[in-house]
Structures are given as C-alpha cells and as structure tokens.
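Trainee: return a 3D structure for these sequence lines:
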Amino acid sequence: GMVVVEVKNVVCADYAPATAPDRKACVFVNEEQPYRRTGIFPWGTRAQKWEGRTVVSARAVKHLKELAATARDGGDAALVFVVNRGDCERFRACHEACGVFGEALQEAAEAGVLILAPRVRWEGGRALFEGCVPFVPRLPAEDSGDEVSWDLRPIPRRGPLPDGSPRKGRKRPRKELRGDTEAAKG
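Mentor: Have a look, this model is predicted:
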C-alpha cells in the first residue's frame, strides 16, 4: 500500500544553560536536569504567515496539516526527521521558534501520523546511521512561560484520539506499512 511521507532535515539542537553561546539568534536553551541534548526543528526567523499567525515556514505547517488529514481519513502517513547530529539523544519540535509548528506536529502525531527521528553521525564525509532517537512531545504550557515538565508518554496510534473522539478506520492493517516479512524472506 501507499504511505504518504514527508522528510525534514534536523541540523539544530538545544543548549545546556552553561554552554549556550552569547548571541540571541537561534539559541534555544533547555534547562532540564540532567541535560540531554535534543535535536530541534524548525529553527529560524518567523517571517511567514499561516492562517494569520507568524511562523518559520508556512509550507512546513501546511505539510503537517495534510499528513494529519491523511491519517484521520484512514490513510498511512509518516514524518521522518533526519537528525543530522550524532550528539542528540532525542528530537522535539522547536516551540520556541515556531509554536504553530509545534502544535501542528502534536496534532499530527495524535491523528496517527508516524513520527520517526533517525540519527545520522558524520565521519570522514560518510553518513553513519545510528538508529532512531525518541520523539519527545512538549506540553503547551512551555510556550506560556509557566513552569513545565516533559511529557514522555507515548502518543497512542490505536483506539480513540486523545480527546476521546473515534479514529476513522484504516484502509489496510498498519503492519503492512512495515512490509510483509514472510514474502521478504521467500
């Protein structure tokens, strides 16, 4: 079956307070203790508009909304964030740069879009796959300035949506997304 896939390149990470550079542009500090470096996307200047709100990339938000709609309608959709940094232990949306993207990513995950974050370490001009790092959703309070904590609960891919509404039926079983292992062995 067909799977709708979007791929994003993650080149930025957050900083521990003690190691953050002394500049304002594109410096995102993570005060979580113990600190664990986290790949972030998007980063940049909010200079575009999406439905009246200022965003880093209207196109990126549009793609998230399209993937979420595909999943809600019973299709298979995946979003792959290639973390091009061997020093990152996990991945999250950069709510600090673009809260709209962060909200849309959370909505897409809750709608059933598969979020993957493979990590690549570069060595001697070669890209080395180091497995996938976890996607860490963040709490909306983090954008309000209130004290917050990380939400490490996995986002359910089956059953009702987190708001209790029913999920529309899939057109085919999810296991087909990974391929038919028996046929591959044959």
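
Trainee: could you pull out the strands for the chain?
Mentor: 3-10, 12-13, 38-41, 48-50, 53-55, 76-83, 90-93, 114-116, 118-123, 126-132 (DSSP state E).

Trainee: any chance of those strands in CSV, plus mean neighbour count?
Mentor: The way it works is simple: take the backbone N, C-alpha and C, and place the C-beta from them, glycine included. Below are those laid out as CSV (neighbours: other C-beta atoms under 10 Å):
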stretch, mean neighbour count
strand 3-10, 15
strand 12-13, 20
strand 38-41, 26
strand 48-50, 16
strand 53-55, 17
strand 76-83, 21
strand 90-93, 24
strand 114-116, 18
strand 118-123, 15
strand 126-132, 11
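
Trainee: how about JSON lines for those strands, with mean pLDDT added?
Mentor: Formatted as JSON lines, the strands of the chain follow (pLDDT from 0 to 100):
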{"stretch": "strand 3-10", "mean pLDDT": "94"}
{"stretch": "strand 12-13", "mean pLDDT": "92"}
{"stretch": "strand 38-41", "mean pLDDT": "94"}
{"stretch": "strand 48-50", "mean pLDDT": "92"}
{"stretch": "strand 53-55", "mean pLDDT": "92"}
{"stretch": "strand 76-83", "mean pLDDT": "96"}
{"stretch": "strand 90-93", "mean pLDDT": "94"}
{"stretch": "strand 114-116", "mean pLDDT": "94"}
{"stretch": "strand 118-123", "mean pLDDT": "94"}
{"stretch": "strand 126-132", "mean pLDDT": "93"}
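
Trainee: any chance of those strands in TSV, with distance to Arg23 too?
Mentor: TSV is the format used below for the strands of the chain (distance: least, C-beta to C-beta, whole Å):
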stretch	distance to Arg23
strand 3-10	20
strand 12-13	14
strand 38-41	16
strand 48-50	23
strand 53-55	21
strand 76-83	23
strand 90-93	22
strand 114-116	30
strand 118-123	24
strand 126-132	29
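
Trainee: out of these, nearest to Asp22?
Mentor: For those, the distance to Asp22 is smallest for strand 12-13, at 17.2 Å, taking C-beta to C-beta.

Trainee: what residues does that closest one touch?
Mentor: With contacts defined as C-beta atoms under 8 Å, 6 or more residues apart in numbering, strand 12-13 is touched by 26, 28, 37-41, 43, 85, 87-88, 94.
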